[in-house]
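>>> build the 3D model from these lines:
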Amino acid sequence: MPPSELHATFLPDHASPADGRLLFFGGAHPWAAVAELGLPPGDPVDAELYLDGELVEVEGVAMPVRPVLPALTRIASRPDITESVAIWARIANAVDDDKFDDLDRIAGELPAEGHCVPHSEGHVWTAKALVGSFVESFTELLRSDSGLNLRLITAQHSDPGEVRVNADLRKYQAHGIAWLEAAAEGGAGVILADDMGLGKTLQSIGLLVRRAGNAPHLVVCPTSLVGNWQREIARFASQLSVHLHHGPSRTKERRPLTESDVVVTSYSIALRDIKLLRQIAFDTIVIDEAQAIKNHRSRTAGAVRDLTGRVRVALTGTPVENHLSELWSISEFVNPGLLGGQTDFKRRFADPIEIGRDPVSAATLRARIDPVVLRRMKEDVAADLPPKIEAVVACTMTDEQAGLYKEAIREAFDEGLGDGITRRGRVLKLLTRLKQICNHPAQYVGVGDSAGLAERSGKLDRVTEMLAEVVDEGDKTLIFTQYRQMGELLSRHLHAELGVAAPFLHGGLDQPARDRLVDEFQTGEGPAILLVSLRAGGTGLNLTGASHVVHYDRWWNPAVEDQATDRAHRIGQTRTVHVHKLVTAGSLEERVDELLQRKRAIADAVVGNGEDWLGDLDDSQLRKLIELDADGGHL
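Model prediction:
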């Protein structure tokens, strides 16, 4: 008979040590008992064990060593666990602390249930041999020629088979999903560090789809990307239910989070609600813009490392922004201990590479991380990319924006919109106000606004984050806006925040000045960012120096926007052009964008004259289009 309480042992794998699994068995519901201990979700397993001298078949839960190790270390001193679970937790602590010399002594304390795995007929594994096999499984990632590492390297060029996402995957994206899946199955955490615009989000969603079912997934990202993740999951994998854990009205209970396929939250909320999130054993934890935890001493990094999940994935286009210690911090989240302790990493790798430019240390570090860090640059996968990649970037509102937005709508309807030509003029005036608020409160309030610009507009904060990465990569960007005042605000703000010139080409400049800006931008030494008025620079210019185009505010006429994009996407352009169209989530910007996407084939007929068609809507239709979503459209 299986024991009545939860016990632990280890199931070794002779052929592939990485596939050894920690097994929890016993009691009426081992799944529930494992979850109650805060351990990550495992796989159902039927195993034969020697219990009280008899070979007994038991049902249990098995999981890879690396994902379970951090959670196991936290329960060693719990009074309500059996001795076998407690001793395996102490073994995990010794491995985590690099105290390998203590393992033989601790192994000697394992009760019979802790090493009851058959070795040969009538015999079980000795406690010391079984603990040795456990350690071998843990250290697979430390050996560059191990079976697990070879599988991961091979998977970087493998076909994952059918992936149920609503997208035509490019070859390198399919390979990325195959690699993510191989890492998940092998118990390895990974860093997907593809260049900006290559589809890290889509590849991650592919993994979430493949692993949907047993436990919820968790996505942690900057506040400015929360809405974008919700939107992208709905776009690429509508079969997954999403719970947005954000905003003042977010739940304080576990149940709504555990009943969804994917929980999306921000770093700030994860830190604030870590006690709630720690109660949930997630399947896959994805952290986006993982450079947010580059300071390993920060409370945010500590909170993220404290989460419990079976699979850990970090997404970042800049795994190292300033120092190698940032790579260590991200690696410590996905694979604790892989790069050693922070002090040891500094001595072995960071100082020799950063100070001494030591090629041997660099090669050693590269060999260690190659299987678990995948980075493809645009030029490496150009053959798989179309000449133009477009993406809609959903940005969140700040409280200030939401307040101004609602007030503008209330005032307009209180005063009345009238009819005929008067109505058309008033509607377009209201739409202009709402678009200005979505851009930045300072544009709406006017020149007298003396407050700073940062942290007042979700759109401005998001574009600043994006451009920091683009500038760091040495690429150039065109930013289109239809408002001169917004262009001037952006020019000042980006220069101050990023330390690079961001000149503004607008209708107030004479022709020689415009020509000079274009010529300077097209040279390698010219500015990394050029702001362009949609009216002044939307046609007729050759700006192929840019590989990124940002539409900061929308013209709502696809033909006009395409003409602007074609300043960079034209003959003479040698690189893929990444087009980013910013919209404010929950607002009229998002709804008009959705309308254009649904009816792109007839868009010219519907909205051929820009915004004029909106003046023909009645009050009810207009309200439906412009009012904020129930959550206020902001976070």
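>>> only C-alpha atoms for contact and neighbour calcs from this point on.
Fine.
>>> next one: the helix or strand encompassing residue 103 to chain centre, how far?
Assigned by DSSP states H and E, residue 103 belongs to helix 103-107. Averaged C-alpha coordinates place helix 103-107 at 40 Å from its chain's average position (Cα atoms, centre = their mean, to the nearest Å).
>>> check stretch 75-84 too.
For stretch 75-84 - counting by Cα atoms, centre = their mean - the centre lies 35 Å from the chain centre.
>>> report the rounded mean pLDDT for that stretch.
Stretch 75-84 comes out with an average pLDDT of 93.
>>> ok, and what's touching that stretch?
5-9, 37, 85-87, 89-90, 110-111, 113-114 (Cα atoms under 8 Å, 6 or more residues apart in numbering).
>>> which is the next helix or strand following the helix holding residue 103?
Going down the chain from helix 103-107, the next helix or strand is strand 118-120, by DSSP H and E.
>>> strand partners of that next one, parallel vs antiparallel please.
Next to strand 118-120 in the sheet, as set by DSSP bridges, lie strand 123-124 (antiparallel).
>>> could you look up the SS state of residue 264?
With DSSP: H, G, I helix; E, B strand; the rest coil as the basis, residue 264 sits in strand.
>>> what number of residues lie near it?
23 (other Cα atoms under 10 Å).
>>> with the one 4 residues further on instead?
The local packing count at residue 268 equals 17, with neighbours defined by other Cα under 10 Å.
>>> verify the stated contact: it with residue 301.
No: using Cα atoms under 8 Å, residue 268 is not in contact with residue 301; the gap is 10.7 Å.
>>> helices or strands next to the helix or strand hosting residue 66 in the packing?
In this structure, residue 66 sits in helix 65-73 according to DSSP H and E. Applying 3 or more Cα pairs under 8 Å, 6 or more residues apart in numbering; DSSP states H and E, one finds that helix 65-73 contacts helix 83-96, helix 127-138, strand 308-315.
>>> make TSV from those and add mean neighbour count and distance to residue 589 to it.
Below are the helices and strands packed on helix 65-73 laid out as TSV (neighbours: other Cα atoms under 10 Å; distance: least, Cα to Cα, whole Å):
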stretch	mean neighbour count	distance to residue 589
helix 83-96	22	50
helix 127-138	21	50
strand 308-315	26	28
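>>> where does pLDDT dip in the stretch 1-150 of the chain?
Along the stretch 1-150 of the chain, segments meeting pLDDT under 70 span 1.
>>> at 90 instead, please
Along the stretch 1-150 of the chain, the parts satisfying pLDDT under 90 run over 1-4, 14-15, 18, 27-28, 52-53, 76-77, 98, 119-123, 143-145.
>>> likewise for the stretch 201-350 of the chain?
Using pLDDT under 90, the flagged stretches of the stretch 201-350 of the chain are 213-214, 222-228, 231, 235, 247-249, 289, 291, 294, 316-326, 350.
>>> what do you get for the stretch 451-600 of the chain?
451-452, 507-515, 518-519, 523-525, 534-544, 554-576, 591-600.
>>> that one: helices as residue ranges?
With DSSP state H, counting those that start in this stretch as the criterion, the stretch 451-600 of the chain has helices at 458-472, 484-498, 511-522, 534-537, 558-565, 588-598.
>>> the helices and strands packed on helix 65-73: which one's closest to residue 396?
strand 308-315 (20.3 Å; Cα to Cα).
>>> so what touches stretch 149-167?
Counting by Cα under 8 Å, 6+ apart, 140-141, 143-144, 172, 174-179, 182-183, 205-206, 209-210, 235-237, 370-372, 374 sit against stretch 149-167.
>>> go on, stretch 97-109?
With Cα under 8 Å, 6+ apart as the criterion, stretch 97-109 contacts 87, 90, 91, 94, 127, 128, 131.
>>> list the contacts for the fifth one?
Read it as residue 127. 107, 108, 110, 114, 115.
>>> ditto for the first one
Taking Cα under 8 Å, 6+ apart as the contact definition, residue 87 lies against 76, 106, 107, 109, 110.
>>> kindly report the same for the fourth one.
With contacts defined as Cα under 8 Å, 6+ apart, residue 94 is in contact with 100, 102, 103.
>>> repeat for the last one
Under the criterion of Cα under 8 Å, 6+ apart, the contact partners of residue 131 comprise 10, 91, 103, 107.
>>> residue 395 pairs with what?
residue 584.
>>> residue 423: neighbour count?
17.
>>> next: residue 624.
Other residues close to residue 624 by other Cα under 10 Å number 12.
>>> chain center to the one helix or strand it maps to: distance?
Counting by DSSP H and E, the element that carries residue 624 is helix 619-626. Its chain's C-alpha centre and that of helix 619-626 lie 34 Å apart, by Cα atoms, centre = their mean.
>>> surely residue 556 touches residue 592?
Yes: counting by Cα under 8 Å, residue 556 sits close enough to residue 592 to count as a contact (7.3 Å).
>>> joint contacts of the two?
With Cα under 8 Å, 6+ apart, residue 556 and residue 592 have no common neighbours.
>>> circling back: so which of the contacts of stretch 97-109 is the closest to residue 561?
Closest approach between the contacts of stretch 97-109 and residue 561, by Cα to Cα: residue 94, at 59.6 Å.
>>> angle of the lengthiest helix in the chain against helix 484-498?
In the chain, taking DSSP state H as the definition, the longest helix is helix 420-439. Interaxial angle of helix 420-439 relative to helix 484-498 (axes from the mean of the first three to the mean of the last three Cα atoms, to 10 degrees): 0 degrees.
>>> pull the distance from helix 420-439 to the chain's centre.
Worked out by Cα atoms, centre = their mean, helix 420-439 lies 36 Å from the chain centre.
>>> other SSEs contacting it?
By 3+ Cα pairs under 8 Å, 6+ apart, helix 420-439 packs against helix 399-415, helix 441-445, helix 458-472.
>>> any idea which of those helices gets closest to residue 345?
Of all these, helix 458-472 comes closest under Cα to Cα, at 24.7 Å.
>>> who touches the closest one?
Applying Cα under 8 Å, 6+ apart, the set of residues contacting helix 458-472 is 196, 224-225, 317-318, 395-398, 438-440, 454-455, 476-477, 494, 497-498, 528, 552, 582-584.
>>> could you chop the chain up by domain?
Following the assignment in automatic domain parsing, the chain carries domains at 7-140, 144-381, 388-626.
>>> let's see the distance spanning the longest one from one end to the other.
Distance between the two ends of domain 388-626: 30 Å, counting by Cα to Cα, to the nearest Å.
>>> how many other residues sit next to residue 53?
12.
>>> re the thing from before, any chance of the helices and strands packed on helix 65-73 in JSON lines, plus distance to residue 250?
Shown next, in JSON lines, are the helices and strands packed on helix 65-73 (distance: least, Cα to Cα, whole Å):
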{"stretch": "helix 83-96", "distance to residue 250": "34"}
{"stretch": "helix 127-138", "distance to residue 250": "38"}
{"stretch": "strand 308-315", "distance to residue 250": "21"}
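>>> for residue 330, find the nearest of the ones you listed.
Nearest of the helices and strands packed on helix 65-73 (Cα to Cα): strand 308-315, 7.3 Å.
>>> can you show me the CA trace of that closest one as CSV?
Output in CSV follows, covering the C-alpha atoms of strand 308-315 (Å, rounded to 0.1, in the frame of the first residue of the first chain):
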residue,chain,number,x,y,z
THR,A,308,7.3,29.7,-8.2
GLY,A,309,7.1,28.2,-11.7
ARG,A,310,8.0,25.0,-13.6
VAL,A,311,9.5,27.0,-16.6
ARG,A,312,11.3,30.3,-16.5
VAL,A,313,11.8,32.5,-19.6
ALA,A,314,13.3,35.9,-19.7
LEU,A,315,12.8,38.1,-22.8
